[in-house]
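A.B. asks: show me how the following folds:
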Amino acid sequence: MDKREFFDSLAADWPGHPEPEDAPAKRAQFVALATEGSPSRILDVGCGTGILVPDILMQCPSSTIVELDFAPEMIVRNRAKHSQPNVLFVCSSIEEAQLDPESFDAVLCFNVMPHLDSLDASLRKLVQLLMPGGRLSVGHLMGSAEVNAFHAGAGGPIQRDHLPPVERLASLFRLLRLRVQIAEERPDWYFLRAERPVT
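C.D. replies: Next up is the predicted model:
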């Protein structure tokens, strides 16, 4: 079973997966930080069944939201729940996605960064998709050590999926000429936001 098949197999039960009691509040906090300033075009990378969509719509009701995931079953279930005309769907990996450069002023990566096949290539593609002044945000409900231990224990195609410590990822962002604005990590929280400079 490859990674796409693995996530397809989880799609039906994804909304019912157990999570910490404070997970809804933390997701709302992630979206609020990631969409600060009311961006007009938002890309939700690795969107799954659309767990962030309600919070994004609450924060940015008139924004265009592009839900991107490489697992077809995740997109099918996301689309079934969200019929708003400003919510669009793309089934693709980020590396292969046919999206216009500089077309988003907010790119959200929630619980997805460890699963990208090539971190360097994926980050370069995400930066290309950002408008000047746009922001790239990465979030998890656990710190990197906790995320990596969870994946190792889960086994299968995600057992080696690795999240760098937030300062390491921030350094990679800076190498790509992003301006890091927030870099926070605790055992129960991971958040990084960076902006593509206007000039």
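A.B. asks: residues contacting A183?
C.D. replies: Counting by CB atoms under 8 Å, 6 or more residues apart in numbering, A183 touches V166, E167, A170, F191, L192. For glycine as for every other residue, the C-beta is placed from the backbone atoms N, C-alpha and C.
A.B. asks: equivalent analysis for L88, please.
C.D. replies: L88 touches T64, I65, V66, E67, counting by CB under 8 Å, 6+ apart.
A.B. asks: closest to S103 among the residues you listed?
C.D. replies: Nearest to S103 out of those is V66 (CB to CB; 8.8 Å).
A.B. asks: the spatially closest residue to L68 that is not a sequence neighbour and F6, how far apart?
C.D. replies: Closest residue in space to L68, ignoring its immediate chain neighbours: V90 at 4.7 Å, by CB to CB, 6 or more residues apart in numbering. Separation of V90 from F6 (CB to CB, to the nearest Å): 20 Å.
A.B. asks: and what of T35?
C.D. replies: For T35, the distance to F6 equals 29 Å [CB to CB].
A.B. asks: one more: G143?
C.D. replies: Using CB to CB, we find G143 at a distance of 23 Å from F6.
A.B. asks: between the two, which has more neighbouring residues?
C.D. replies: G143 (19 against 15; other CB atoms under 10 Å).
A.B. asks: let me see the contact set for the more buried one.
C.D. replies: By CB under 8 Å, 6+ apart, the neighbours of G143 are E185, R186, P187, D188, W189, Y190.
A.B. asks: okay, now the unreliable bits of this structure?
C.D. replies: 11, 14-18 (pLDDT under 70).
A.B. asks: and the helices in the chain?
C.D. replies: Here the chain has its helices, by DSSP state H, at 3-10, 23-34, 53-59, 72-81, 119-129, 144-154, 166-175.
A.B. asks: now the ones you listed as a markdown table including distance to I42?
C.D. replies: Conversion of the helices of the chain to a markdown table gives the following (distance: least, CB to CB, whole Å):
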| stretch | distance to I42 |
| --- | --- |
| helix 3-10 | 22 |
| helix 23-34 | 8 |
| helix 53-59 | 6 |
| helix 72-81 | 14 |
| helix 119-129 | 11 |
| helix 144-154 | 23 |
| helix 166-175 | 19 |
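A.B. asks: any idea which of the ones you listed gets closest to A106?
C.D. replies: Going by CB to CB, the one of the helices of the chain nearest A106 is helix 23-34, 6.1 Å.
A.B. asks: which non-adjacent residue is nearest N78?
C.D. replies: G50 (3.8 Å).
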